[in-house]
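>>> Turn this into a model:
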Amino acid sequence: MTIGIAVSGPMAGLATFMALRAVERVARGALGGFVSFVVLTDDGRALHADTQRGGTTTLFTDAESTGVLPPPSFATARLAALMSSGPNRPEPLLQFTPADPAVGIVTGHRLPNMPGAGGGPINAAVLERLKQGETPRQAVEAELAAHPRADAGLIALARDGTLFAADSELVQQRTDCGSFLGEDPAVGGRCAVLHNSIFPVSPLAQLAAAVAFDTMAPVDGADFHVAVHAGTRLELGHEACLHLGTGDRVTHICVQDKVWMIGSHHGAALPHGAAVRRNGKLIGRVIFEPYCVAENAVLVSLSGLDEAIISVRADSIEGVKDHRALG
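Below you'll find the model as predicted:
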C-alpha cells in the first residue's frame with residue numbers, strides 16, 4: 001500500500017520526484033494519493049513538502065515552482081527521500097519520512113511509523129541510530145531484528161550519501177513486494193526503492209531506479225549543439241563523422257557506406273555515436289540523429305527541414321571547455 005524511494009547524488013531531489021512520477025504513470029494500485037517528500041540541502045537544511053491527494057501532480061503547485069516540478073531548492077538537493085501511497089493518511093505526513101539535516105532521512109513502505117518495542121516509531125528509532133553513528137545498514141538491520149513482526153520495510157539515507165533498505169520478516173512473506181538497492185558509479189548516485197500493493201510488481205523498483213539515475217545524468221544529455229544545414233557535402237570515410245572548421249561551421253560529413261555517394265538515399269548520415277571533430281581533433285559524439293535525405297552526396301533535408309540542431313556529448317570535460325572557448 002506504499003512506495004518508498006531514497007536517492008543520493010547530483011540532482012537527487014529531482015531524481016526522486018521523477019522516479020515516483022514515472023511509477024504513477026505506468027502502474028496501478030496504491031498510488032496517486034499522499035506524498036511526504038524530504039530533501040537535505042548542502043547548506044544544512046531539511047526541506048519538506050507533502051500532499052494528501054494527487055501524488056506528484058499536486059505536490060508542488062505554488063508560484064515558486066515550475067508547473068508541478070520541484071522548485072530548485074528541492075530539485076538540486078543531493079539527498080532526497082519520499083513515501084507515497086493512496087490518499088488521506090494521518091497527519092503530520094512528516095511522520096512517514098523523519099529527517100535530521102545533520103544526520104539523514106528515513107523512509108520505507110507499509111507502516112514504518114508504527115510504535116516499536118521502545119514505544120516510538122521504528123523509523124524514528126532508525127534515525128536515532130544514525131544520530132548515534134551507526135551506518136544505514138546497521139541501523140535498519142538492528143531495528144528489523146528487534147521487530148521481525150513489524151509491518152514495515154525501512155530505507156535509511158545517511159548524510160554521507162550511503163543508504164540501505166530491507167523488509168521485516170513479516171513483510172518478506174508477502175508476494176506483492178518489490179525492491180531495488182544499488183548505485184550507478186558512472187552517474188555518481190545511489191538509489192533504494194521498496195514497494196507493495198502496486199502492479200505490475202516485478203519491474204517497478206528497477207524502473208524507478210532507472211528513471212532516477214537517468215534524471216541525474218541523462219544518457220542523451222548534450223554538452224553542446226551543432227547546426228547542420230541542407231547543402232552539406234558528404235564524403236566517404238573510415239568513420240561516421242561530423243567535421244567542423246572555423247567558427248565551428250560544418251565543413252562536411254563522412255559516411256561509411258558508398259550508397260550515399262550516388263543518387264538518392266535516405267537514412268542516418270549522422271548516426272548515434274558518430275564522431276564530431278574540429279580541425280581533425282575528436283571533441284565529442286553525436287547523440288541525436290536526424291532523418292537524412294541526400295542527393296548525389298549532398299544533404300537535401302534533415303528530418304524534413306533545411307536545418308537540424310545536432311546534440312553532442314563531449315568525450316571529456318576538456319572537450320566541453322574547448323567547445324565553449326572556441327565555439
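
>>> Poorly predicted segments of the stretch 201-327 of the chain, please.
Within the stretch 201-327 of the chain, the stretches with pLDDT under 70 are 316-327.

>>> ok, 90 please
Scanning the stretch 201-327 of the chain for pLDDT under 90 picks out 219-221, 246-248, 315-327.

>>> need the strands for it, in chain order.
Secondary structure of the stretch 201-327 of the chain (DSSP state E, counting those that start in this stretch): strands at 224-229, 234-236, 241-244, 250-255, 264-267, 275-278, 281-286, 292-295, 298-302, 307-314.

>>> and A186, which of these is closest to it?
Counting by Cβ to Cβ, A186 lies closest to strand 307-314 out of these; the figure is 12.6 Å. C-beta coordinates here come from the backbone N, C-alpha and C atoms, glycine included.

>>> quick check: angle from the closest one to strand 298-302?
Taking axes from the mean of the first three to the mean of the last three Cα atoms, to 10 degrees, one finds strand 307-314 and strand 298-302 inclined to each other by 90 degrees.

>>> Contacts for strand 307-314, please.
The contact list for strand 307-314 (Cβ atoms under 8 Å, 6 or more residues apart in numbering) reads 220-230, 242, 270, 276, 283-288, 290, 302, 320, 323.

>>> before we move on, back to that, which one of the strands of the stretch 201-327 of the chain is the most hemmed in?
Highest mean neighbour count among those (mean count of other Cβ atoms under 10 Å): strand 241-244, with a mean of 23.

>>> Which strands and helices lie in contact with it?
Here strand 241-244 touches strand 224-229, strand 250-255, strand 275-278, going by 3 or more Cβ pairs under 8 Å, 6 or more residues apart in numbering; DSSP states H and E.

>>> ok, residues contacting that strand?
226, 228, 250-254, 270, 274-279, 283, 286, 310.

>>> repeat that with 6 Å
For strand 241-244, the surrounding residues in contact (Cβ atoms under 6 Å, 6 or more residues apart in numbering) are T251, H252, I253, C254, L270, A274, A275, V276, R277, R278.

>>> Widest-spaced pair of these?
L270 and R278 (15.6 Å).
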